[in-house]
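Visitor: Build me a model from this:
(chains A and B)
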2 protein chains.
Amino acid sequence: MKAEKAAPRRAGAQEKHDRILKAAVKIFARHGFHNSKISQIAKEAGVADGTIYLYFKNKDDVLISLFEEKLTEAIDRLKELLDGIDAPEQRFRAFIRNYVLYMDENKELAEVISVELRQSNKFMKEYVPIKFGEFLNLVSNLIRDCKDQGVFRTSVPPGIIKRSIFGALDEMVLYMVLDPHPKYDAEEIADALAEFFLEGLKKHPSSGQ
Amino acid sequence: MKAEKAAPRRAGAQEKHDRILKAAVKIFARHGFHNSKISQIAKEAGVADGTIYLYFKNKDDVLISLFEEKLTEAIDRLKELLDGIDAPEQRFRAFIRNYVLYMDENKELAEVISVELRQSNKFMKEYVPIKFGEFLNLVSNLIRDCKDQGVFRTSVPPGIIKRSIFGALDEMVLYMVLDPHPKYDAEEIADALAEFFLEGLKKHPSSGQ
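Guide: Here you go, the predicted model:
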């Protein structure tokens, strides 16, 4: 999606690129995607308006690039976390908890993902979900590992469950971002969701599956 | 939110009001909320542009009214359905299945709720969720009934779970609306979600809760 692929090779270009995305998170969270202007992002980043167009095609491209890069960071971080855990059930639990707590610690990013992203028609209807697909596959791989090791029921369909888990996580992030007086803190939400999902997928002697 | 509360009292006014909302569903689904114009809704409804403003303050008001009225219909329909079922576990299952199948049968409405609604900043940040709250409370009441009758674990927090269930349902509706070649049909999705949620909340002898 970058307008000029060569840009990051120039000295300082990567740093400038990152600075623009960091500024965009702030501006989108403050004004909403539709009311944000490229000139506001430029001002916040301390660059000229035209500089933004060296790195991004338009405002939708800034938003989608932001999503892709943040998701890449999240995937890398989650993979590293999971590498240190053996038991598939614990890996699954760690994944859910970590996602919720990370979003809670990064409220502006959480707002961009749960609120602003859905305001881009381009994202909703034209975005080819490569990184998002990779993220969902992390979830379905965790589910498959648990199935293979006899922890989850064999009847669980990973393709449906991975998306519904994302939906539940996304809605709770929205709640944490938008509710001015949340009744539950991130720890309570993280624990309740991990428990809900795990019990929902586990093989239970009583259910005979 | 209506600009003129007296309007529905005039003969034919309620019919015109409903016709405008029906047209709005079509126009929003076709062009997206931000690209839709009041004049397009008027044309589709067969009324003058100015007539729309007798019933609604602006485009956001049309969208939010649409959401509120459709949700009212959905709540009434679901309550009626649930009235005919005794066992709390079966009531819960019927609710989940019915929600998914109804959205599948009403794709344009499903698109408005899962895609367009989030594009209104006014909805996301200023909407006072009276009807949405009522809908969520239907879910938490079902959860409480199941807890009271010893079907669900006493540790289940209804306030968190009702929202995460809505999030999971909403994401699967989005999948059904936007994926041109869905791998799963509505029946498979409805069954998988009902199973996932029920098992996730039920008291299992093995978990000792």
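
Visitor: hey, let's count contacts and neighbours off CA atoms from now on
Guide: OK.

Visitor: Apart from its chain neighbours, what residue comes closest to A:R19?
Guide: Excluding the flanking residues, the one nearest A:R19 by Cα to Cα, 6 or more residues apart in numbering or on different chains is A:A45, at 5.8 Å.

Visitor: Please name the nearest non-neighbouring residue to A:F28.
Guide: With sequence-adjacent residues excluded and distances taken as Cα to Cα, 6+ apart, A:F28 is closest to A:S36, at 6.1 Å.

Visitor: What residues does the residue nearest to A:R19 make contact with?
Guide: Neighbour list for A:A45: A:19-20, A:22-23 [criterion: Cα atoms under 8 Å, 6 or more residues apart in numbering or on different chains].

Visitor: Tell me which entries of those lie within helices.
Guide: A:19-20, A:22-23 (DSSP state H).

Visitor: Rank the residues you listed by pLDDT and give me only the lowest.
Guide: Lowest pLDDT among the ones in helices among the contacts of A:A45: A:K22, with 92.

Visitor: the bottom helix or strand of chain A by mean pLDDT?
Guide: Least confident helix or strand of chain A, by mean pLDDT, DSSP states H and E, is helix A:121-126 with a mean of 70.

Visitor: what does the very next helix or strand once past that one contact?
Guide: On the C-terminal side of helix A:121-126, the closest following helix or strand by DSSP states H and E is helix A:130-148. Outside helix A:130-148, the residues that touch it by Cα under 8 Å, 6+ apart are A:68, A:71-72, A:75, A:88-89, A:91-92, A:152-154, A:158-159, A:161-163, A:166.

Visitor: ok, and which of those residues reach chain B?
Guide: A:161, A:163, A:166 (Cα under 8 Å from any Cα of the partner chain).

Visitor: hang on, the second one packs against B:L169?
Guide: No - the pair A:R163 and B:L169 fails to qualify as a contact (Cα atoms under 8 Å) at a distance of 9.7 Å.

Visitor: Comparing those two, which shows the higher neighbour count?
Guide: B:L169 (25 against 21; other Cα atoms under 10 Å in any protein chain shown).

Visitor: Find the helix or strand that the more buried one is a member of.
Guide: Using DSSP H and E, B:L169 maps to helix B:158-178.

Visitor: Summarise which helices and strands that helix is packed against.
Guide: Secondary-structure packing of helix B:158-178 (3 or more Cα pairs under 8 Å, 6 or more residues apart in numbering or on different chains; DSSP states H and E): helix A:158-178, helix A:186-201, helix B:88-105, helix B:107-111, helix B:130-148, helix B:186-201.

Visitor: So chain A: which segments form each domain?
Guide: Following automatic domain parsing, chain A resolves into domains at A:1-57, A:61-204.

Visitor: Quick one: distance of the first one to the chain centre.
Guide: By that I understand domain A:1-57. From the chain centre to the centre of domain A:1-57 is a distance of 20 Å (Cα atoms, centre = their mean, to the nearest Å).

Visitor: Repeat that for the last one.
Guide: Its chain's average C-alpha position is 7 Å from that of domain A:61-204, according to Cα atoms, centre = their mean.

Visitor: Endpoints of that domain, how far apart?
Guide: 46 Å (Cα to Cα, to the nearest Å).

Visitor: re earlier: just send the helices and strands packed on helix B:158-178 back as TSV, with distance to A:N98 and mean pLDDT too.
Guide: Output for the helices and strands packed on helix B:158-178, formatted as TSV (distance: least, Cα to Cα, whole Å; pLDDT from 0 to 100):
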stretch	distance to A:N98	mean pLDDT
helix A:158-178	11	93
helix A:186-201	8	96
helix B:88-105	28	93
helix B:107-111	31	80
helix B:130-148	26	91
helix B:186-201	20	96
